[in-house]
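In: Here is a sequence with its predicted model. Questions after.
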Amino acid sequence: MDIRIKQLIGELKLAEITYRMSSLRMSDQPAKDQLITLAERKMKFIKGIIDQHDETFERLMLEVLVMVKPEHDKLEIELDHLLLQGWETEILDYCLDRESKIEKLYKQLITDAQYDEFLKALLMSQLTDTTDIINELEDTKAVFESIFSLESAI
């Protein structure tokens, strides 16, 4: 499997971990549920990509997790700091940054001629879903910002 596909899988796994950890700190139940759903969607993306290759899920995930270990450790420190502060908008900003990084990876992979049309179509579909996720997160963030601005005005 191409190293850039493995990098994408690594980023998707980091996003899944981010969403699961973040969902534990959200005070709003719909936002918590949204993050859990996003984590599950990331795992579906990973499984969809792996299904296109002759690799076992467990072996590939172990290889990817070893590859992204330094970034995973950094993510845990950064996310722990944000989660301790408990500011939902900053947590959502962190999630948005992660999604933007994934979106760029998808765009790079889609323009590469070395991948077959079926894989490109899968990546394009996941890119569209990623754009939808970004929009969902931005909407959720806007709701939190409006709530916080109303609370501070009172």
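Out: Now that the structure is in, tell me what you want to look at.

In: What distance do you get for Lys44 to Phe144?
Out: Applying CB to CB, to the nearest Å, the value for Lys44 to Phe144 is 26 Å. C-beta: built from backbone N, CA, C; applies to glycine.

In: Please apply the same query to Ile102.
Out: Taking CB to CB, one finds Ile102 at 22 Å from Phe144.

In: same deal with Ala39?
Out: Ala39 is 19 Å from Phe144, by CB to CB.

In: can you check Lys74 too?
Out: Applying CB to CB, the value for Lys74 to Phe144 is 25 Å.

In: The two: which is more packed in?
Out: Phe144 (20 against 12; other CB atoms under 10 Å).

In: What residues does that one make contact with?
Out: With contact taken as CB atoms under 8 Å, 6 or more residues apart in numbering, Phe144 is in contact with Asp28, Ala31, Glu88, Thr89, Leu92.

In: Repeat that for Ile91.
Out: Contacts of Ile91 by CB under 8 Å, 6+ apart are Ser22, Arg25, Met26, Leu82, Leu83.

In: With respect to Gly48, which of these is nearest?
Out: Ser22 (22.9 Å; CB to CB).

In: which helices and strands sit right next to the helix or strand hosting the closest one?
Out: Taking DSSP states H and E as the definition, Ser22 sits inside helix 3-23. With contacts defined as 3 or more CB pairs under 8 Å, 6 or more residues apart in numbering; DSSP states H and E, the packing partners of helix 3-23 are helix 29-50, helix 57-67, helix 69-85, helix 88-110.

In: Go through those and name the closest to Leu127.
Out: helix 88-110 (3.9 Å).
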